[in-house]
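**Student:** make a model of this:
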Amino acid sequence: MALVYLSSQTASSDSSIDFTSGIDSTYNEYLFTIVNYKPVTDEKRLCFQVDTGTNTNYNQNITSSAYYAGLNQDASWTLLEYSAHQDQANSDQALQSLSYAGESNSNSSMTSSGQFRLFAPSNGTYVKHFTSEFNCRYTNNGTDAQTYSINSRVGGYINTTTAITRVRFAAISGNIYTGKFTLYGVT
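**Tutor:** Alright, predicted model coming up:
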């Protein structure tokens, strides 16, 4: 497996980060890496949605499941849960959550980094599968004793046989304060 760099964008209080070119039949798999995502407003998860052709509605049906695992610095709190409120049923055309989000603002230490994989986006016969893995680190109330690390995993499929040509990343609401978003083709 080799990665071929295609493009990157750096967020600066943007409402979304859109990749509108580079996703075509050249590669059977595309990898997006997101480094140091931080929302403008507290507890706003990073999400994605896709579209086909030159459409810009970003409202494709997604079916997915999600779970979280985490702990705090002194291991007095742990988490392992299926996240029913983060998954989507086939009729949902909403943003799909990718990462857990803790407290955040321009002075906070909350960041989330991870990867999102999109498989066979140009295939005209099958639905489009995706997986993601993100890790969120945040400090609650500004004390190191309350530092949390939460791993999020989401997987599913976009229920269309039409080629996916656009990917949008956005906070569940509000803007993306910072983050570097990079697109690679996988050979």
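
**Student:** okay, now the unreliable bits of the protein?
**Tutor:** With pLDDT under 70 as the threshold, the chain has low-confidence stretches at 42-43, 91-92, 101-108, 141-145.

**Student:** excluding its backbone neighbours, what's nearest residue 12?
**Tutor:** Distances taken as Cβ to Cβ, 6 or more residues apart in numbering put residue 178 closest to residue 12, at 6.9 Å, once the chain neighbours are dropped. (Glycine included, C-beta is placed from N, CA and C.)

**Student:** and that neighbour, that's in a strand?
**Tutor:** Yes: the secondary structure assignment for residue 178 places it in a strand, going by DSSP: H, G, I helix; E, B strand; the rest coil.

**Student:** list the contacts for it?
**Tutor:** The contact partners of residue 178, by Cβ atoms under 8 Å, 6 or more residues apart in numbering, come to 10, 11, 12, 36, 37, 38.

**Student:** what's opposite it in the beta bridge?
**Tutor:** With DSSP bridges as the criterion, residue 178 is bridged to residue 12, residue 38.

**Student:** same question, residue 130
**Tutor:** Beta-bridge pairing for residue 130 (DSSP bridges): residue 118, residue 156.
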